[in-house]
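Asker: this one's structure only:
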């Protein structure tokens, strides 16, 4: 009687995928199918629809990118805050840098191989996948205001997979019936939901967040009173604004973040008054105190502050009122924009 020798297992037989690898593989394959469908050929990025997360009920508002042929993919703006960030970007499309720091979304874009980071290429290799050609390699990122774009966690992987699947379902039906893009009631959004085990369409009113003005009061009133007593004179018109700096720094967590930067420029002399970087969440009090320090340094208060954004107005309004400094709103701050560009170039050239 002959006993057959046991054949060694092949590499494919030996490889046992973890649950995470299986979910990642499904995400990449779904992204491959979405790319093949190329639904941006008949759906504009302005046509917003929703996908409800089966796990927690959160609605992601989807924008299919590719009509302009500059960027291809799907952006999934998460919840009411994400939808607000999408609306802000649509309103201020031409504002530089704002898109990166405002959006709250998960995104897949199709890139050249050279655009992917080492971790992306390593993940694709580990999963045994391959992509070829220009704008063919899926790259997945999560965007949060003030943070560096980051890789997806597993909950986000599952949500993006579902969003891509439902985007393909929606787009395929729109190609046959364009009336799906027209809401039965103004302001409603078509949302794909799965509350009973099967996906279905529901027209829903978006749950916008009502933004209430948060007028900031300087906590160091003793410093404010001292400045008021010592510097009664006024001179100059100071353009001022704050925003995120262009260079990220390492915080306590793994994910780097962008510190906030405030700039003051005197438009009457076309010269910089000063700037201040803040690395923590107490930026409002820091910026107000630095504003008072600039008054002390210059030896006078400004006659007026020239402001563009609501956030800057909310920050400085109460302190300006106490100082009897006028505030003027303008849609564009020419000299501050020049100073901002110079500072941004300086930071980018000097980052380690």
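Answerer: Perfect, I can see it now. Just so it is clear, the structure is predicted and the values come from calculations on it, not from any experiment. Numbers count the residues shown, from 1 in each chain.
Asker: switch to C-alpha atoms for all contacts and neighbour counts from now on
Answerer: Will do.
Asker: And the strands in this protein?
Answerer: 49-52, 59-65, 73-78, 105-111, 137-143, 189-193, 200-204, 237-244, 260-266, 271-278, 304-307, 326-329 (DSSP state E).
Asker: Now find how far off-centre the fourth one is within its chain.
Answerer: Okay, so that is strand 105-111. Computed by CA atoms, centre = their mean, to the nearest Å, the chain-centroid distance of strand 105-111 equals 12 Å.
Asker: Tell me which other helices or strands that strand touches.
Answerer: Applying 3 or more CA pairs under 8 Å, 6 or more residues apart in numbering; DSSP states H and E, we find strand 105-111 packed against strand 73-78, strand 137-143.
Asker: again with the last one
Answerer: Contacts of strand 326-329 with other secondary structure elements, assessed using 3+ CA pairs under 8 Å, 6+ apart, are made with strand 304-307, helix 310-323.
Asker: mind listing what the first one pairs with, with the direction of each?
Answerer: Right, strand 304-307. Sheet pairing here is set by DSSP bridges, and for strand 304-307 it gives strand 237-244 (parallel), strand 326-329 (parallel).
Asker: Give me whichever of these is most buried.
Answerer: Highest mean neighbour count among the strands paired with strand 304-307 (mean count of other CA atoms under 10 Å): strand 237-244, with a mean of 24.
Asker: Just want the angle from it to strand 260-266.
Answerer: Put simply, strand 237-244 runs at 170 degrees to strand 260-266, going by axes from the mean of the first three to the mean of the last three CA atoms, to 10 degrees.
Asker: mind putting the strands paired with strand 304-307 in a markdown table, mean pLDDT and distance to residue 126 included?
Answerer: Putting the strands paired with strand 304-307 into a markdown table (pLDDT from 0 to 100; distance: least, CA to CA, whole Å) gives the following:
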| stretch | mean pLDDT | distance to residue 126 |
| --- | --- | --- |
| strand 237-244 | 96 | 36 |
| strand 326-329 | 97 | 54 |
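Asker: Could you double-check that residue 147 lies in contact with residue 257?
Answerer: Yes. With contact defined as CA atoms under 8 Å, residue 147 and residue 257 form a contacting pair (4.2 Å).
Asker: Common neighbours of these two, please.
Answerer: Shared contacts of residue 147 and residue 257 (CA atoms under 8 Å, 6 or more residues apart in numbering): residue 248.
Asker: Those two - which one has more neighbours?
Answerer: residue 257 (22 against 19; other CA atoms under 10 Å).
Asker: List the contacts of that one.
Answerer: Contacts for residue 257 (CA under 8 Å, 6+ apart) come out as 146-148, 248-251.
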